[in-house]
Structure formats: structure tokens, C-alpha cells
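>>> Any chance you can model this:
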Amino acid sequence: MPKQELQYLKLLSEHYPNVESSVRAIVDMSAILKLPKGTEYFFSDLHGENGAFIQLLRSASGVIRDKIDTVYSFLLSEQERDELAALIAHPHSFLQEKEKNCADYDSWSALVIHRLVQVCREVASKYNRQRVVEVINPKFSNIIDDLILQDPAVSNKVGYYKELIDASIRSGIGNGLIISICRMLQQIAVDQLHILGDIFDRGPRADLILEELMCHRSVDIQWGNHDIEWIGAVAGNRVCMFSVLRIGLSYNNFDCLEDGYGINLRPLSTFAAQVYANDECKAFRPHMLDLNQYDPVDTALAAKMHKAAAIIMFKLEGQLIQRRPDYGLEGRLLLDKMDLERGVITISGKEYPLTDTNFPTVNPQDPYALTKEESEIVDAIAASFQHGEKLRRHIDYLVANGSMYKTYNGNLLYHGCIPMNADGSFAELEVGSKRYLSLIHISEPTRQ
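From the prediction side, this is the model:
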């Protein structure tokens with residue numbers, strides 16, 4: 001037997017140790033191949049837009065509503081079908097509002113559970129039992145298993161099914177049962193979720209997107225350049241820390257930075273307010289209005305913080321580039337190219353006017369040196385990035401479930417574009433004394 005085939009069989013034996021287990025797996029897989037293909041859902045460039053993403057994911061972009069129409073198009077009004085879809089997408093908030101306004105909430109609960117069960121049976125019909133059982137809340141597994149996975153046409157069990165629902169409501173677990181069925185519907189409406197890069201930056205709450213992803217059964221992630229930068233920040237790279245911080249400040253993402261990830265911005269705020277007290281920092285005003293719910297920040301102060309963080313980032317970048325000339329990034333060294341007295345910067349032998357010349361922390365004799373105060377801020381920010389429990393948990397999840405690329409169902413999934421040579425081979429990148437195949441973000445793919 002060829003050595004490679006023997007190695008393959010040894011690996012296979014870890015999952016199927018005997019003939020019986022192998023035969024059962026063959027029978028199961030052969031049958032699964034006769035089922036309809038599971039729904040794959042593709043997202044790219046989420047960029048922190050948690051509201052739109054969560055709505056699209058929980059509704060499966062209208063797939064669940066289509067299933068509701070399939071089951072109830074002739075039985076329920078359009079308004080009733082809209083309400084059922086809204087309940088499935090946002091069960092907690094929907095039930096809170098319904099309890100306040102419904103005269104007979106228990107009767108409504110019994111009716112809506114029955115309707116949810118019918119929709120769930122329709123959505124689950126394309127999967128085998130094991131796939132459906134995997135997403136049932138263990139707290140309600142016996143109830144949901146009987147309601148959804150058993151044959152409802154058995155006449156002598158009609159009373160049994162009705163009592164399962166009524167007893168659940170009388171016992172005070174009706175809301176929990178409704179929420180569990182809704183979450184189950186969200187999970188099985190999408191068989192495989194593909195995130196093609198850039199979860200972070202720009203939008204308000206990337207942290208809430210990751211919380212939602214971590215609740216989903218089957219997710220794969222192809223890292224984008226923004227994701228890798230956050231991974232680098234948590235890994236301890238201070239250039240990455242101030243790059244993601246600068247981007248966050250430029251988009252007014254204080255809720256994500258402070259409330260979401262517990263990054264202490266007070267030292268930077270105090271420093272920026274003092275150093276740029278008489279500076280409007282017009283070029284550094286945030287791109288977005290202050291929509292922060294928990295950490296509203298005056299726009300003028302946000303601009304000063306953005307400017308302070310940007311200068312620190314340019315300095316840290318410059319120090320790194322000077323340490324590593326093999327990176328070939330000398331073109332990004334700009335602070336030493338400025339003539340603040342004349343208000344110009346020289347790039348590739350050509351002078352350009354500066355829109356801002358107030359850089360009191362930049363020493364023309366040593367432009368990439370941090371001041372004492374800036375060094376203290378860098379240390380404080382680094383501590384927040386590396387000691388934040390939630391941020392560490394999110395990055396650990398991103399690393400464990402992500403990759404530069406993935407092949408799935410014969411398709412190559414990746415973020416952006418891959419540099420190629422003229423002959424179609426992958427281009428190489430030299431780092432230090434080693435050469436690596438390049439997989440570098442160049443352009444943004446559209447959301448699919």
C-alpha cells in the first residue's frame with residue numbers, strides 16, 4: 001500500500017475505527033447527498049455596520065419571510081406574516097412589546113408557537129435530523145424535538161402536541177420556548193455563513209457583529225486587511241494599535257472602542273485637549289456624526305484626539321520602517337519631508353502645500369521620536385488592547401475560525417485580490433531572508 005494512502009487511512013480510522021462505523025457513515029453521507037443543497041450566505045466588508053448585518057443575517061435576507069409565505073400565504077394576512085417575520089428576527093424586543101399591548105398574551109403565545117413550529121418544519125425539511133438537532137437549545141430539546149421533528153399527522157398525538165405548548169406557557173417558559181425556536185430558525189435558514197473580510201472599522205459596533213457571529217453554528221472567515229490589523233494590535237504591535245485607534249476616532253467609534261472593548265481613551269483625550277487647545281483640527285474632524293449611545297464626545301475634542309493619535313501613529317510607523325528597511329516602505333516616511341516654516345512637504349522631489357502646519361509634538365531634528373507624554377499614552381493604550389477580556393475573546397475567535405483563504409464547494413474564497421505573476425503563478429514577497437507567497441488586499445470586493 002502506498003505510504004500516502006496508509007497515512008490517509010490512519011487519519012480516517014480516528015473517526016471511523018471499525019467497519020460498522022464506516023458503513024454507517026457511508027449510508028448517512030449517501031443519503032445526505034440526495035437532500036437539497038444547503039443555503040450558503042456570503043458577506044464582505046461589514047465594517048462595523050452591526051444594525052444592517054444583524055437584520056440581514058437573522059432574516060437570511062428574506063429567505064425566512066419566503067418560507068412564511070410558503071406556509072401561510074392563504075391563511076394569514078400580510079400584516080400577520082410581517083409580524084411573524086419580525087418576531088423571528090428580533091424575538092426579545094418583539095415579545096417585550098407584545099406583553100405590554102396584548103390583552104390575552106397566553107393565547108397569543110400558544111398560537112404563535114404553533115405558527116413558528118410550522119415554519120420551522122418547512123425550513124428544516126432540507127436537512128437531516130442531526131443537522132437540525134445541533135441547533136436546538138438544550139433547555140427545550142425534548143419539547144422542540146417532539147414539536148418539530150415528529151410526525152404531526154399522527155391523529156392520536158394531536159392532544160399531546162397541544163398540551164406540550166399549553167403546559168409550557170402555564171409553566172412560565174413560553175417566552176423561552178418562542179425565543180429558542182426563533183433562534184433555531186435563524187440558524188437553520190443558513191447552512192454555511194461565509195464572511196469575506198473586514199469586520200472591523202468605520203461602522204459603529206464591530207464588537208456586536210462578532211458577538212452575533214459567535215452565536216452562529218457554522219461560520220468561516222477570510223481575514224481582510226482591517227481584521228489582520230486588529231489581530232496585530234492584540235498581538236502587541238503598537239503601530240497596528242494606533243492605526244485601528246486612529247481609524248476608530250476618525251469615524252466617531254467611541255462606543256466600540258470604550259464601551260465595547262474597554263480601551264482607555266482618557267489619557268489621549270486629556271493630552272489632545274491640552275496640546276491642541278487652540279487648534280480647530282479641521283482636517284481631522286470625524287467622517288461621521290456623533291451617534292455614540294454610551295460615549296458621546298464633542299466633535300471638536302474628537303478631532304483633537306484623532307490628530308494626536310495620527311501623529312503618534314506616523315511616528316511609530318516611521319520607527320518601524322527605519323528598523324526594517326527590508327520592508328521597502330520608505331515611501332511612507334513623511335514627517336521628515338515637511339518644512340513647517342514654509343508650509344510644504346516634498347514628495348519624490350515635488351513640493352506640495354500642507355493643509356495643517358501645527359504639529360507641536362514633532363521635533364524637526366528627530367521627527368519620529370515620541371515625546372515623554374506620547375510614550376506614556378502609547379503604554380496606556382497598549383495595556384488596554386492586551387488586557388481587554390472581550391477583545392481578546394473576539395480576536396481568539398477570529399483567529400480560530402479565520403484564514404487568509406478557504407476553498408468551499410469548489411470555490412476559492414478570499415478578501416480582495418491576489419497578486420499574480422504574468423505566467424499565472426502567485427507573486428512572492430520577501431520578508432527578512434525568507435520569501436512568502438503573497439496574499440495581499442488590493443481592492444474591495446462587493447457584498448454578495
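>>> The stretch 1-150 of the chain: helices as residue ranges?
Assigned by DSSP state H, counting those that start in this stretch, the helices in the stretch 1-150 of the chain fall at 3-15, 19-32, 50-59, 63-72, 78-89, 91-101, 105-124, 129-133, 141-149.
>>> contacting residues around stretch 365-382?
The contact list for stretch 365-382 (CB atoms under 8 Å, 6 or more residues apart in numbering) reads 236, 238, 241-242, 245, 263-264, 267-268, 271, 308, 311-312, 314-316, 318-319, 322, 335-336, 338, 361, 363. Where C-beta positions appear, they are placed from N, C-alpha and C, glycine not excepted.
>>> hmm, try it at 6 Å
238, 241, 267-268, 271, 312, 315, 318-319, 335-336, 361, 363 (CB atoms under 6 Å, 6 or more residues apart in numbering).
>>> buried residues in that stretch?
Residues of stretch 365-382 classed as buried by neighbour count (16 or more other CB atoms under 10 Å): 367, 368, 370, 371, 374, 377, 378, 381, 382.
>>> circling back: which one of the helices of the stretch 1-150 of the chain lies nearest to residue 161?
helix 141-149 (6.4 Å; CB to CB).
>>> quick one: average confidence on the lengthiest helix in the chain?
Assignment by DSSP state H gives helix 299-323 as the longest helix of the chain. Average pLDDT, helix 299-323: 94.
>>> just stretch 428-442 next, same as before
On average, stretch 428-442 scores 65.
>>> go on, stretch 133-149?
On average, stretch 133-149 scores 84.
>>> For that stretch, which outside residues touch it?
With CB under 6 Å, 6+ apart, stretch 133-149 has contacts from 117, 120, 121, 164, 177, 180, 184, 187, 188, 217.
>>> tell me the contacts of the last one?
Residues near residue 217 by CB under 6 Å, 6+ apart: 135, 187.
>>> Assumed it was part of a helix.
No - read with DSSP: H, G, I helix; E, B strand; the rest coil, residue 217 is coil and lies in no helix.
>>> I'd like the distance between it and residue 42.
17 Å (CB to CB, to the nearest Å).
>>> what do you get for the first one?
Residue 117 is 30 Å from residue 42, where distance means CB to CB.
>>> the more surrounded of these two?
residue 117 (18 against 14; other CB atoms under 10 Å).
>>> farthest pair in the contacts of stretch 365-382?
Applying CB to CB across the contacts of stretch 365-382, the maximum distance is between 267 and 336, 26.7 Å.
>>> hmm, back to that, separate out the buried members of the contacts of stretch 133-149.
117, 120, 121, 164, 177, 180, 184, 187, 188.
>>> Now render those residues as CSV, adding distance to residue 434 and pLDDT.
Shown next, in CSV, are the buried ones among the contacts of stretch 133-149 (distance: CB to CB, whole Å; pLDDT from 0 to 100):
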residue, distance to residue 434, pLDDT
117, 58, 90
120, 52, 90
121, 55, 89
164, 62, 87
177, 56, 93
180, 51, 92
184, 48, 90
187, 42, 88
188, 45, 87
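>>> What count of nearby residues applies to residue 317?
Neighbours of residue 317 (other CB under 10 Å): 20.
>>> contacting residues for it?
Neighbours of residue 317 in contact, by CB under 6 Å, 6+ apart: residue 239.
>>> Mind pulling the model confidence for residue 174?
For residue 174, pLDDT reads 91.
>>> Quick check: the gap between it and residue 183.
In terms of CB to CB, residue 174 sits 15 Å off from residue 183.
>>> Tell me which of the two has more neighbours.
Ranked by neighbour count (other CB under 10 Å), residue 174 and residue 183 place residue 174 first, with 22 against 18.
>>> In the stretch 301-448 of the chain, mark out all the helices, start to finish.
According to DSSP H, counting those that start in this stretch, the helices that the stretch 301-448 of the chain contains are 372-387, 389-401.
>>> any idea of the mean pLDDT in the longest one?
If I follow you right, that is helix 372-387. 93.
>>> what inclination does it have with respect to helix 389-401?
Going by axes from the mean of the first three to the mean of the last three CA atoms, to 10 degrees, helix 372-387 is angled at 60 degrees with respect to helix 389-401.
>>> With just CA atoms, put helix 372-387 into CSV.
This file holds the C-alpha atoms of helix 372-387, laid out as CSV (Å, rounded to 0.1, in the frame of the first residue of the first chain):
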residue,chain,number,x,y,z
LYS,A,372,7.5,61.7,27.1
GLU,A,373,3.8,62.3,27.2
GLU,A,374,3.2,60.4,23.9
SER,A,375,5.2,57.4,25.2
GLU,A,376,3.0,57.3,28.3
ILE,A,377,-0.1,57.3,26.2
VAL,A,378,1.3,54.5,24.0
ASP,A,379,1.9,52.4,27.1
ALA,A,380,-1.6,53.1,28.4
ILE,A,381,-3.3,52.2,25.1
ALA,A,382,-1.1,49.1,24.8
ALA,A,383,-2.3,47.9,28.2
SER,A,384,-5.9,48.3,27.2
PHE,A,385,-5.5,46.4,23.9
GLN,A,386,-3.7,43.5,25.5
HIS,A,387,-5.7,43.1,28.8
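>>> Could you work out the most separated pair of the buried ones among the contacts of stretch 133-149?
164 and 187 (21.4 Å).
>>> which residues are contacting stretch 326-337?
314, 318, 321, 345, 346, 362, 367.
>>> Just put those in CSV and tack on distance to residue 140.
Output for these, formatted as CSV (distance: CB to CB, whole Å):
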residue, distance to residue 140
314, 55
318, 58
321, 57
345, 64
346, 69
362, 62
367, 63
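>>> Mark which of those residues are buried, thanks.
For those, buried by 16+ other CB under 10 Å: 314, 318, 321, 345, 362, 367.
>>> For the third one, which non-adjacent residue is spatially closest?
Distance criterion CB to CB, 6 or more residues apart in numbering; nearest residue to residue 321, sequence neighbours excluded, is residue 329 at 4.9 Å.
>>> One more: the fifth one?
With CB to CB, 6+ apart as the measure, residue 335 is the residue that lies nearest to residue 362, at 5.9 Å, once sequence neighbours are left out.
>>> how much space between the one you found and residue 316?
Taking CB to CB, one finds residue 335 at 11 Å from residue 316.
>>> Give me the more crowded residue out of these two.
residue 316 (21 against 18).
>>> if we can go back for a sec, how about the contacts of stretch 133-149, which pair is most distant?
164 and 217 (24.6 Å).
>>> out of the helices of the stretch 1-150 of the chain, nearest to residue 302?
Per CB to CB, nearest to residue 302 of the helices of the stretch 1-150 of the chain: helix 50-59, 20.2 Å.
>>> Could you list the low-confidence segments of this protein?
35-36, 150-156, 290, 292-295, 432, 437-448 (pLDDT under 70).
>>> of all the contacts of stretch 365-382, which comes closest to residue 209?
residue 241 (20.4 Å).
>>> can you tell me the helix or strand for that closest one?
Per DSSP states H and E, residue 241 falls inside helix 238-250.
>>> Great, nothing more from me.
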